[in-house]
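In: no FASTA, just this:
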């Protein structure tokens, strides 16, 4: 049963710590969809986030390393990269900036981003060759295709740690089942809800909901379908395999490599070009890893991997790339000394810098020194200090402009900013406070007074930390309440034995589809199905056997229905199927297919082995006054099918 995306997001937002784009990135996403948006418009917005601007400039210069002219202004980067690339970079950079670590002890955050980046560049390369989706869409969907796992680890750190400890990495289907059992939700549903909330195309949601669980190997419709979501889902599925190869080692990698090569052959690529594409993926993975500060590994060429896989040679031993240091991955790592504070000092006076460092480190504080405003801004965004002690007069960016910029960032907005100046008139102090400073102090510095002010600031910081801790506790309680409510909702709407929606859920869905089809003048198909001679099964083999028959029949029905249909347990051995948009022709074809699938299914359990059959009554909306009338007609058709000898379908208009 699909949960509403809005319900999911309400609970996730209440939890806090949800991985999401920054306000600037969301604005960029919105603007880039408007054909009238100019590069100047995007430049104006991007200048509000210096950290994001710096990373895009870094990417632009790496992407054009062969150019003689270095990109030094964001407007030039926008022209060189294009709006669509900037859009994907803004989204990925901003989500990454606050999601490097988290509270779930069993969740490997570093490996998650390594795998996500490998999926992103794989999707990008595959999209260029398959040409059914754009490379930019491929990159974004690949990078964020598993974001639901990160979200669940953030919202439910303890339950999710238990899930991961139980899961043996046997496959994504098993993880989905564990998530549903423990949380009544799975990471694919969360991912789809988040992507929809961020304004990304609807096909992204379709792709992430199918790429892990759909049987792509036996899909015969892919070559003819025009469904972009399904195509993107297949691209994601292949990219996930490519990413697994990146992170797997030894003999475990061999079957993945052989499966990857078989996929290339299915798509009509010769081995050489398919292997060449994978080597390009590895190069791009390394390049983007350096830009995003994500760890990557050295990989042998695909040709070498294929040879080893086919000959089962000795295991491969991958090593981290020397140019990407492991410690760089945790860019938000807390460097604060226990019991003291992390202080950033921004001054162009070398002597003053030396004295401050000597005095403050003696008191146990951890110091970072910047000698100009731009350097101070960069360091502040990287280390998130408790105290920023800045000179009013600085090169490149003065102290007040530094304070204004820092207050605009979610990361440094709570920092305690002290401005040092030799002119502390009332007007100057007012100007400093309005710019975002907490206070001003006179120069030359009275260190006894500075120490007292730092102690006072520490008390305020401790209170802020306590408030944040209390807020986190409340958020955790809200999350637990949301989990309980969703569990109760699921229990109220799901049949425990068959795990199908129950009668109440089926009737609710019938009401919704009826209203929509009536409003749009579309057909609506209703089926009532009943297992033939079910009482005989219970009487002869026992109720345990009857339960197995019900569960296995429910599975066959669910596997046979279209994605847009719903099948529910209507009561006892009866099932209700609602098919919006289906007419009389569909009714005959679908009804007979279901009947044959059930008849051909072999049920094998200790108490019972054999086949069962079902009878089906069908009615199509055509002038009935209400959904109840439609169900009644289908029920009468079911009775006629039983009277006709069972294992038959009967349509109401044929009665």
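Out: Thanks, I have the structure now. Predicted model, so just to flag it, every value in this text is computed and none were measured.
In: low-confidence ranges, the chain, go.
Out: 1-22, 29, 32-33, 62-69, 97-98, 131, 218-225, 312-339, 472, 653-655 (pLDDT under 70).
In: on contacts alone, who are the packing partners of the helix ranked longest in the chain?
Out: Longest helix in the chain, counting residues (DSSP state H): helix 447-493. Helix 447-493 sits against helix 5-15, strand 416-421, strand 439-442, helix 503-520, with contacts defined as 3 or more Cβ pairs under 8 Å, 6 or more residues apart in numbering; DSSP states H and E. Quick note: C-beta positions are derived from backbone N, CA and C, even for glycine.
In: which SSE is residue 570 in?
Out: Element membership of residue 570, judged by DSSP states H and E, is strand 566-571.
In: what strands line up against the next helix or strand after that strand, and which way round?
Out: Using DSSP H and E, the helix or strand that follows strand 566-571 in sequence is strand 574-580. Partner strands for strand 574-580, per DSSP bridges, with pairing direction: strand 524-531 (antiparallel), strand 566-571 (antiparallel).
In: quick one: closest of the ones you listed to residue 104.
Out: Taking Cβ to Cβ, strand 566-571 is the member of these nearest to residue 104, at 33.6 Å.
In: please report how far residue 493 lies from residue 502.
Out: For residue 493, the distance to residue 502 equals 6 Å [Cβ to Cβ, to the nearest Å].
In: neighbour count: those two, which is higher?
Out: Legend: neighbour count by other Cβ atoms under 10 Å for residue 493 and residue 502, higher for residue 502 (21 against 18).
In: next up, the contacts around that one.
Out: For residue 502, the contact set (Cβ atoms under 8 Å, 6 or more residues apart in numbering) comprises 493, 494, 495, 568, 569.
In: ok, the residues you listed vs residue 251, which is closest?
Out: The nearest member of the contacts of residue 502 to residue 251, counting by Cβ to Cβ, is residue 494 at 41.5 Å.
In: can you tell me the centre-most residue of this protein?
Out: Centroid-nearest residue in the chain: residue 147, 2.0 Å away (criterion: Cα atoms, centre = their mean).
In: these two touch, right, it and residue 191?
Out: Yes. Here residue 147 reaches residue 191: they are 5.3 Å apart, a contact under Cβ atoms under 8 Å.
In: one step back: in CSV, list the strands paired with strand 574-580 along with distance to residue 435 and mean neighbour count.
Out: Compiled in CSV, those are given as follows (distance: least, Cβ to Cβ, whole Å; neighbours: other Cβ atoms under 10 Å):
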stretch, distance to residue 435, mean neighbour count
strand 524-531, 63, 25
strand 566-571, 58, 22
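In: out of those strands, which gets nearest to residue 617?
Out: Residue 617 lies closest to strand 524-531 among the strands paired with strand 574-580, at 4.7 Å (Cβ to Cβ).
In: the closest one: how far from the chain's middle?
Out: Distance, stretch centre to chain centre, for strand 524-531: 37 Å (Cα atoms, centre = their mean, to the nearest Å).
In: just the angle between the next helix or strand after it and strand 524-531, please?
Out: Downstream of strand 524-531, the next assigned helix or strand under DSSP H and E is helix 534-541. Relative orientation of helix 534-541 and strand 524-531, computed by axes from the mean of the first three to the mean of the last three Cα atoms, to 10 degrees: 30 degrees.
In: contacts for helix 534-541?
Out: 531, 545, 546, 549, 572, 573, 607, 608, 612.
In: check the residues you listed and tell me the two furthest apart.
Out: 572 and 607 (19.0 Å).
In: all helices for the stretch 101-250 of the chain, in order.
Out: Along the stretch 101-250 of the chain, counting by DSSP state H, counting those that start in this stretch, helices occupy 109-130, 135-144, 147-155, 157-166, 172-183, 187-197, 202-210, 228-247.
In: closest one to residue 396 among those?
Out: Per Cβ to Cβ, nearest to residue 396 of the helices of the stretch 101-250 of the chain: helix 109-130, 32.0 Å.
In: that older thread, neighbour count winner among residue 572 and residue 607?
Out: residue 607 (16 against 11).
In: just checking, the more buried one touches residue 548?
Out: Yes. Using Cβ under 8 Å, residue 607 is in contact with residue 548, at 7.1 Å.
In: what does the helix or strand that contains residue 379 rub up against?
Out: Secondary structure from DSSP H and E places residue 379 in helix 373-383. By Cβ under 8 Å, 6+ apart, the surrounding residues in contact with helix 373-383 are 50-51, 54, 331, 335, 342, 344, 346, 368, 370, 385, 388, 390, 394-399, 401-402, 405-406, 409, 411-412, 415.
In: can you do 7 Å?
Out: 50-51, 54, 331, 335, 342, 344, 346, 368, 370, 388, 390, 394-398, 401-402, 405-406, 409, 411-412 (Cβ atoms under 7 Å, 6 or more residues apart in numbering).
In: just the buried ones from those residues, in ChimeraX syntax?
Out: Command for ChimeraX that selects the buried part of the contacts of helix 373-383, burial taken from 16 or more other Cβ atoms under 10 Å:
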select :50,51,54,342,344,346,368,370,388,390,394,397,398,402,405,406,409,411,412
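In: in strands, which of the contacts of helix 373-383 appear?
Out: Members of the contacts of helix 373-383 lying in strands (criterion: DSSP state E): 342, 344, 346, 368, 370, 388, 390.
In: contacting residues around residue 92?
Out: Counted by Cβ under 7 Å, 6+ apart, residue 92 has contacts residue 143.
In: what's it sitting at in phi/psi?
Out: phi -70, psi -40 (degrees, to the nearest 10).
In: quick one: the helices and strands packed on helix 447-493 as JSON lines, columns for mean neighbour count and distance to residue 482 too.
Out: Shown next, in JSON lines, are the helices and strands packed on helix 447-493 (neighbours: other Cβ atoms under 10 Å; distance: least, Cβ to Cβ, whole Å):
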{"stretch": "helix 5-15", "mean neighbour count": "17", "distance to residue 482": "4"}
{"stretch": "strand 416-421", "mean neighbour count": "24", "distance to residue 482": "34"}
{"stretch": "strand 439-442", "mean neighbour count": "16", "distance to residue 482": "41"}
{"stretch": "helix 503-520", "mean neighbour count": "16", "distance to residue 482": "20"}
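In: so for residue 58, which of the ones you listed sits nearest?
Out: Among the helices and strands packed on helix 447-493, strand 416-421 sits nearest to residue 58 (Cβ to Cβ), with 26.8 Å.
In: all helices for the stretch 251-400 of the chain, in order.
Out: So, for the stretch 251-400 of the chain - with DSSP H, counting those that start in this stretch - the helices run 254-266, 271-292, 302-311, 326-329, 350-362, 373-383, 399-407.
In: which one, of those, ends up nearest to residue 640?
Out: Of all the helices of the stretch 251-400 of the chain, helix 254-266 comes closest under Cβ to Cβ, at 46.6 Å.
In: quick check: buried residues in that closest one?
Out: Neighbour counts using 16+ other Cβ under 10 Å place 254, 256, 257, 260, 261, 263, 264 of helix 254-266 among the buried residues.
In: what's near enough to touch the fourth one?
Out: With contact taken as Cβ under 7 Å, 6+ apart, residue 260 is in contact with 241, 242, 245.
In: with adjacent residues omitted, what lies nearest to the second one?
Out: Translated: residue 242. The shortest distance from residue 242 to any non-neighbouring residue, by Cβ to Cβ, 6 or more residues apart in numbering, is to residue 122 (4.0 Å).
In: what's that neighbour in contact with, if anything?
Out: Applying Cβ under 7 Å, 6+ apart, we find residue 122 in contact with 142, 239, 242, 243, 281.
In: measure the first one to residue 522 for me?
Out: This means residue 142. Residue 142 is 35 Å from residue 522, by Cβ to Cβ.
In: good, wrapping up.
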